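Colleague: Mind looking at a prediction? Sequence and model below.
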Amino acid sequence: MEQNKIISAPQNRIYVLDALRGFALLGVILMHMLQHFGVFTGMPVAEPQFPMLNTAIQWLSQHIIMGKFINIFAFLFGLSFFIQMDRGARKGIDFRKRFVWRMVILFAIGIVGNSFFTADILPIYAAFGVIMVLLFPLKNWILIVIAMLFLIGTPRIISTTYSRMVKTEQTVNTPQIPTFNDSNSNRGVPTTAEMKKPSFFKSAKTNLTTGFVRKLNYQFGLNGRGYITLALFILGLVVGRLRFFEGVEINKKRNVLLFTFFSLTAFILSLIPLQEVSFRMLISGTELSPAMLASMALKDIQTVLFSGALALGFISLCQVKNIGKHLKTIIPYGRMGLTNYVTQSIVGGIMFSMWGLGSIFGSWGTTEVFVLGLVVYIMQAIFSTYWLKHFLYGPLEWLWRSATYLKIQPFKKKQ
């Protein structure tokens with residue numbers, strides 16, 4: 001058991017990863033706020049008070065935030081998986097069975113978050129974590145091939161090809177499915193009963209039943225968001241094996257060169273004219289042409305490359321003395337990433353659901369909810385900094401560790 005404690009000891013952390021996780025969660029909460037956390041209250045949005053600012057924020061969300069920061073979050077999960085496996089191996093411990101149990105606990109935590117926010121991603125992450133255990137023995141080149149097959153949309157191609165072969169039109173009977181990372185206009189629509197007499201329990205039931213099915217359709221249907229996430233998990237594992245982050249603090253030139261490469265490649269891909277494939281087309285069963293499939297694959301790859309550019313740009317800025325000292329203030333936020341992510345889901349659900357404060361925040365426009373997201377993030381960052389001055393782990397991180405080892409772990413710092 002003493003060895004188990006060493007595996008997850010906070011002093012062994014790579015702190016630039018914590019800062020990067022905190023950065024990723026900034027984009028996550030801002031995007032979710034702009035989407036009103038997937039809740040449609042039916043309330044008319046107030047007249048914009050700052051139309052030019054609204055336009056700028058909408059451009060920022062569409063071109064910079066949407067899908068990019070959650071990609072970084074997913075990549076870091078795969079990297080963390082490797083770190084735990086590697087630290088266990090160094091101590092002569094096979095951590096795979098323990099990690100599967102750890103994913104069971106994460107799934108339970110995710111269900112709590114899912115009760116408030118139907119697009120909470122943790123249950124999906126927990127399932128993918130188990131798959132990562134199965135993939136772990138594979139060589140790097142095989143893992144890279146699998147990741148690339150996911151990135152080019154192989155499951156989507158297979159599904160579309162099969163539909164053509166049997167001459168059936170795939171239809172998804174889920175109108176008004178919310179886009180969890182791709183739109184501000186598509187939100188979950190409450191049932192008539194919920195609108196007449198909203199309550200948390202009715203909302204949670206919907207989120208965990210029909211809402212969960214909608215999420216699975218989004219993740220593993222023609223949109224294929226889940227396959228991109230799994231590809232990023234795999235790439236995180238491969239990068240971990242290459243020991244990239246063990247030397248990230250001293251290889252500043254390499255970081256800048258990689259940032260330049262990812263940025264230029266993403267920019268070049270963005271210049272390729274793509275055939276528009278709307279989310280409505282995907283859920284309506286529109287038959288995807290080869291040009292559409294190619295366009296979706298290129299867009300997914302461009303998004304992943306852009307995420308890499310954001311991550312490496314952030315890391316490079318962290319290594320600039322006068323800038324880095326400010327960016328590294330979000331290290332505590334990243335160290336408490338699980339607590340902060342679940343808190344985002346709970347706070348977002350309360351703010352926008354009609355059983356909560358939806359009558360107040362449901363009518364807020366783009367600028368207002370964007371600023372609200374910044375305020376919530378800053379409050380979480382302050383709380384995280386204060387909390388970790390007194391405790392070794394965030395509340396949920398400590399609970400997760402204690403449940404992982406089935407033994408109460410040290411919590412409070414020695415004064």
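Modeller: Cool, the structure landed. What you see is a predicted model; the values in this text were computed from it and never measured.
Colleague: biggest helix in this structure, by residue count?
Modeller: Criterion DSSP state H: the longest helix present in the chain is helix 290-318.
Colleague: Buried ones in it, by neighbour count?
Modeller: Of the residues in helix 290-318, 292-316, 318 count as buried by neighbour count, 16 or more other Cβ atoms under 10 Å. Bear in mind the C-beta positions are built from the backbone N, C-alpha and C, glycine included.
Colleague: Next: stretch 87-107.
Modeller: Applying a neighbour-count criterion of 16+ other Cβ under 10 Å, one finds 87-88, 95-96, 98-99, 102-103, 105-107 buried in stretch 87-107.
Colleague: Likewise for stretch 200-215?
Modeller: Going by 16+ other Cβ under 10 Å, stretch 200-215 has these buried residues: 202-204, 206-207, 211-212, 214-215.
Colleague: For the longest helix of the chain, name the packing helices and strands.
Modeller: Judged by 3 or more Cβ pairs under 8 Å, 6 or more residues apart in numbering; DSSP states H and E, the packing partners of helix 290-318 are helix 15-34, helix 68-90, helix 140-151, helix 154-165, helix 225-241, helix 252-270, helix 321-327.
Colleague: Report the separation between Ile29 and Glu249.
Modeller: Distance, Ile29 to Glu249, using Cβ to Cβ, to the nearest Å: 27 Å.
Colleague: out of the two, which sits in the more crowded spot?
Modeller: Set Ile29 next to Glu249 and count neighbours by other Cβ atoms under 10 Å: Ile29 wins out with 24 against 14.
Colleague: so what's that one scoring on pLDDT?
Modeller: Note on Ile29: pLDDT of 97.
Colleague: Same check on the one 3 residues further on?
Modeller: Here the pLDDT value assigned to His32 is 96.
Colleague: go on, Ile121?
Modeller: As predicted, Ile121 sits at a pLDDT of 96.
Colleague: count of residues packed around it?
Modeller: Neighbours of Ile121 under the rule other Cβ under 10 Å: 26.
Colleague: try Pro44
Modeller: Counted with other Cβ under 10 Å, Pro44 comes out at 8.
Colleague: For it, identify the helix or strand it belongs to.
Modeller: In the assignment (DSSP states H and E), Pro44 maps to no helix and no strand.
Colleague: List the contacts of it.
Modeller: The contact partners of Pro44, by Cβ atoms under 8 Å, 6 or more residues apart in numbering, come to Ser363.
Colleague: Against Ala309, how distant is it?
Modeller: 38 Å.
Colleague: got the residue ranges for the helices in the stretch 301-415 of the chain?
Modeller: Using DSSP state H, counting those that start in this stretch, the helices of the stretch 301-415 of the chain run over residues 321-327, 331-335, 337-352, 358-361, 366-390, 395-405.
Colleague: so what's the closest residue to Met31 other than its chain neighbours up against?
Modeller: Spatial nearest neighbour of Met31, excluding adjacent residues (Cβ to Cβ, 6 or more residues apart in numbering): Ile65 at 5.1 Å. By Cβ under 8 Å, 6+ apart, the contact set of Ile65 is 27, 30-31, 34.
Colleague: what's the closest of those to Asp18?
Modeller: Taking Cβ to Cβ as the measure, Asp18 sits nearest to Gly27 out of the contacts of Ile65, at 15.8 Å.
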